[in-house]
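Engineer: build me a structure from this.
(chains A and B)
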Protein chains: 2
Amino acid sequence: MQLAILVFDGLTVLDAVGPYEVLSRVPDLEVVFVGTDAGPKRSDNGMLALIADRSIAEVPTPELVLIPGGHGELRMRDDDRVLEWLRHAHETTRFTTSVCTGSLVLAAAGLLDGVPATTHWTGMDELARLGAVPVHERVVRAGKIITAAGVSSGIDMALTLAAALTDEETAQAIQLSIEYDPQPPFAAGSTTTAPAHLVEHQRATSRFAP
Amino acid sequence: MQLAILVFDGLTVLDAVGPYEVLSRVPDLEVVFVGTDAGPKRSDNGMLALIADRSIAEVPTPELVLIPGGHGELRMRDDDRVLEWLRHAHETTRFTTSVCTGSLVLAAAGLLDGVPATTHWTGMDELARLGAVPVHERVVRAGKIITAAGVSSGIDMALTLAAALTDEETAQAIQLSIEYDPQPPFAAGSTTTAPAHLVEHQRATSRFAP
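Structural biologist: Numbering: from 1, shown residues only, chains lettered A, B, ... in the order given. Next up is the predicted model:
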């Protein structure tokens, strides 16, 4: 089974690497990092480059697709090569997935029209504008489309997907192998738990702010 | 402030990318990925390459050092260039840190002699053999050395470190921005919560098994 993870300049790396770390441990699953062209792709902050080993044209029918987010997703939304590839691949995928603002690319390709989905919490209005039905949950499954909320949520999504592809015990074995027993030192990871002034500041300064 | 993250062939990518995603958001902090030589470094499973933008020789005195794990750490333990770089950098770091089996490299450099530390749960005996005092906690701080347990624990470690470098509110803002409100679908992320037969199997098949 093949999982294609799209990478691009301006991606948020953990969006891609969280699910990669989980799903690469599913038996008989090969993860391939793809770009519009093969080659290095640099992160949203410029501090890290990952390599796309293949172009999307070389990986036309993966069983699984994952689109990460980051401000570079805007160019992906405007790139017909990406949108055509997504539409075509989605016809035969087992699951088509996204993390963070990657769901905006799925929406731009027309895959989320009227479909319940999620994204980074600052992007929910944009997701609705693009035709999806925003759901404030960490992982949203609608048929074979699974979208995850911001950045770190891809790990939870991937464990859910691993169980769907195999069984709960296999997913639990993966969780043990990556010692995913989260103990955040603070309770500030969502808009309902973070101090309200931090939420307001980030909402007001987000790239989706009105 | 500069954080050098060592990357090498055979690394476990989430060990490096979890902390990178958190710490790159600390104001005025630059993350630089370093290798024994600059260039692409491929993951433990071969499926993903990250680029080391600089050689360790080019980054001799970072304020922060992070060593990830993965089976490639074994070669790092045997590489005098790495051990010398670590010992020299550690003299002036604010914090010297590791995730997963990266702590075995710190130990090989002599930085953990008699020091409380942790690693991936399968590597605790090896950590003791190398002179450290193994502690079964997710994040262990001993002076300016902070070690984290397996793979995903680097996110928790990095939030703790972010707060130590700045303040709690800054760390909470980072947590909110990466929406780190973990909701694992299973409770199997530690040896005390996972089904016992999974723990036994992974212990018996680990590269540290007797």
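
Engineer: rest of the way, CA atoms for contacts and neighbours
Structural biologist: OK.

Engineer: and the longest helix for chain A?
Structural biologist: helix A:153-165 (DSSP state H).

Engineer: ok, that one near chain B or not?
Structural biologist: Yes: contact of helix A:153-165 with chain B (CA under 8 Å from any CA of the partner chain) involves A:153, A:155, A:156, A:159, A:160.

Engineer: same question for that helix: list its buried residues.
Structural biologist: A:153, A:154, A:155, A:156, A:157, A:158, A:159, A:160, A:161, A:162, A:163, A:165 (16 or more other CA atoms under 10 Å in any protein chain shown).

Engineer: so who does the closest residue to the fourth one other than its chain neighbours touch?
Structural biologist: Read that as residue A:156. Nearest residue to residue A:156, sequence neighbours excluded (CA to CA, 6 or more residues apart in numbering or on different chains): residue B:184, at 5.2 Å. Residues in contact with residue B:184 (CA atoms under 8 Å, 6 or more residues apart in numbering or on different chains) are A:155, A:156, A:159, A:180.

Engineer: can I get those residues in TSV with distance to residue B:135?
Structural biologist: Output for the contacts of residue B:184, formatted as TSV (distance: CA to CA, whole Å):
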residue	distance to residue B:135
A:155	26
A:156	27
A:159	27
A:180	17
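
Engineer: which one of those is nearest to residue B:83?
Structural biologist: residue A:180 (29.2 Å; CA to CA).

Engineer: residues contacting the closest one?
Structural biologist: Counting by CA under 8 Å, 6+ apart, the residues that residue A:180 touches are B:150, B:151, B:152, B:153, B:184, B:188, B:189, B:190.

Engineer: most surrounded residue in those residues?
Structural biologist: For those, the largest number of neighbours (other CA atoms under 10 Å in any protein chain shown) sits with residue B:150, at 33 neighbours.

Engineer: so that residue sits right up against residue B:123, yeah?
Structural biologist: No: applying CA atoms under 8 Å as the test, residue B:150 and residue B:123 come out as separate, 9.3 Å apart.

Engineer: need the overlap of contacts for those two.
Structural biologist: With CA under 8 Å, 6+ apart as the test, residue B:150 and residue B:123 both reach residue B:101.

Engineer: tell me who's in contact with the residue sitting nearest the centre point of chain A.
Structural biologist: Central residue of chain A (CA atoms, centre = their mean): residue A:99, 2.0 Å from the mean position. Taking CA under 8 Å, 6+ apart as the criterion, residue A:99 is in contact with A:15-16, A:66-69, A:119, A:147-151, A:153-154.

Engineer: run through the strands of chain A in chain order.
Structural biologist: Here chain A has its strands, by DSSP state E, at A:2-6, A:30-35, A:39-42, A:49-52, A:54-55, A:64-67, A:95-99, A:116-117, A:133-134, A:139-142, A:145-148.

Engineer: same question for the last one, mean pLDDT?
Structural biologist: Taken as a whole, strand A:145-148 carries a mean pLDDT of 98.

Engineer: so how far is it off the chain centroid?
Structural biologist: In terms of CA atoms, centre = their mean, to the nearest Å, the centre of strand A:145-148 is found 8 Å from the chain centre.
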